[in-house]
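Asks: my questions are about this predicted structure, shown below with the sequence.
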Amino acid sequence: MRIISGHARRIQLQTPAGRELRPTSDRVKETLFAMLEPLADLRILDLFAGTGALGLEALSRGAADVVFVERNPRHVHLIEENLAAVRKAFGNQPAGAARIVTADVRQTARRLPDLAGAFDFILADPPYRPAATEYGGDALLRDPDFAAWAGPETLLVLEHEDGTEPPWAPASLWRLIKQRRIGDTVLSFARTSPPPPA
């Protein structure tokens with residue numbers, strides 16, 4: 001796994017052994033960031049961060065501020081190592097700010113109350129087939145507290161498996177704007193909708 005563009009282009013990222021994570025392919029990353037750029041002065045939230053590949057790609061491409069949320073301490077250590085490598089690649093050039101939060105994604109709004117509505121993009125790459133008790137993509141979309149915290153101006157990009165249909169509005173507060181299919185992966189772009197009248 002590597003950074004594919006920007007100041008840290010070609011930097012190899014540390015990954016866990018085996019199949020503990022499902023990395024986002026270079027093709028998917030290239031498509032995603034081509035749709036999001038330019039990133040200068042933007043704030044990015046990387047949920048289910050894993051090795052930090054998406055947030056670090058954003059940082060390499062000029063994002064002003066990236067926050068990573070990852071619950072697994074081993075993966076947090078990998079993000080720290082990968083972040084150090086990306087910062088080193090900048091040399092004397094200024095790099096954006098970065099913060100790593102060790103927490104389950106369901107705790108995001110509670111752990112980051114000062115950042116409510118502050119992000120331009122939220123990148124979410126949850127497990128494709130989470131266990132029944134696991135907080136995955138569908139649970140994220142159905143969480144009204146997270147939607148309220150994200151705010152109406154934030155664009156959510158959810159990566160999910162082709163053939164699955166996440167619970168968009170009216171099943172949740174997230175309104176699907178567009179989708180892009182890349183092989184067996186779908187990138188879905190959404191914003192919050194106001195809750196229906198009582």
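Replies: Nice, thanks for sending it over. Source: prediction; values computed, not measured. Residues are numbered from 1 along each chain as shown.
Asks: got the CA coordinates for stretch 169-179 in CSV?
Replies: Taking C-alpha atoms only, stretch 169-179 is exported to CSV below (Å, rounded to 0.1, in the frame of the first residue of the first chain):
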residue,chain,number,x,y,z
ALA,A,169,-33.1,8.9,3.3
PRO,A,170,-35.8,8.4,4.4
ALA,A,171,-34.4,5.4,6.2
SER,A,172,-31.7,7.7,7.6
LEU,A,173,-30.9,11.4,7.6
TRP,A,174,-28.4,11.0,4.8
ARG,A,175,-29.5,11.9,1.3
LEU,A,176,-27.6,10.2,-1.5
ILE,A,177,-26.1,12.6,-4.1
LYS,A,178,-24.2,10.4,-6.4
GLN,A,179,-22.4,7.1,-6.7
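Asks: in the chain, what residue spans correspond to helices?
Replies: 26-36, 53-60, 73-89, 108-111, 137-142, 144-150 (DSSP state H).
Asks: show me what contacts residue 136?
Replies: Contacts for residue 136 were tallied using Cβ atoms under 8 Å, 6 or more residues apart in numbering; they are 126, 127, 130. C-betas here are computed from N, CA, C, even on glycine.
Asks: excluding its backbone neighbours, what's nearest it?
Replies: Nearest residue to residue 136 in three dimensions, chain neighbours excluded: residue 130, at 3.3 Å (Cβ to Cβ, 6 or more residues apart in numbering).
Asks: ok, which of the helices of the chain comes nearest residue 13?
Replies: For residue 13, the closest of those is helix 73-89, at 4.8 Å, according to Cβ to Cβ.
Asks: centroid residue for this structure?
Replies: residue 123 (2.4 Å; Cα atoms, centre = their mean).
Asks: got the confidence number for that one?
Replies: With respect to pLDDT, residue 123 scores 98.
Asks: any idea how far residue 29 is from it?
Replies: Residue 123 sits 10 Å away from residue 29, taking Cβ to Cβ, to the nearest Å as the criterion.
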